[in-house]
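Peer 1: no FASTA, just this:
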């Protein structure tokens, strides 16, 4: 089993509620083992046991009202 780390920049996260929503939604994706949100930088680090496609991450974020910035 491999551990994969992906870091994304997410627009619009301004509060703990935003971080919680993003964490909950991304944690529900298959193979995700950890989600770390940094409100100061807008960075979200996803740890997973398998590759996650960028469109899949973007779709999960869209459910929270947020979007990838890069």
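Peer 2: Right, received. Where do you want to start? Just so we're clear, the structure is a prediction, and the values are computed from it rather than from any experiment. Residues are numbered from 1 along each chain as shown.

Peer 1: okay, CA-based contacts and neighbour counts for the rest of this
Peer 2: Noted.

Peer 1: what about stretch 15-30, average pLDDT?
Peer 2: For stretch 15-30, mean pLDDT is 96.

Peer 1: who touches it?
Peer 2: Identification of contacts with stretch 15-30 by CA atoms under 8 Å, 6 or more residues apart in numbering yields 13, 32-39, 46, 57, 60-61, 63-64.

Peer 1: again, only using 6 Å
Peer 2: residue 35 (CA atoms under 6 Å, 6 or more residues apart in numbering).

Peer 1: now it: buried residues?
Peer 2: Neighbour-count burial for stretch 15-30 flags 18-19, 21-23, 25-27 (criterion: 16 or more other CA atoms under 10 Å).

Peer 1: out of these, which are inside helices?
Peer 2: 18-19, 21-23, 25-27 (DSSP state H).

Peer 1: possible to save these as TSV with distance to residue 50?
Peer 2: As requested, those are arranged in TSV below (distance: CA to CA, whole Å):
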residue	distance to residue 50
18	25
19	23
21	22
22	19
23	18
25	17
26	14
27	13
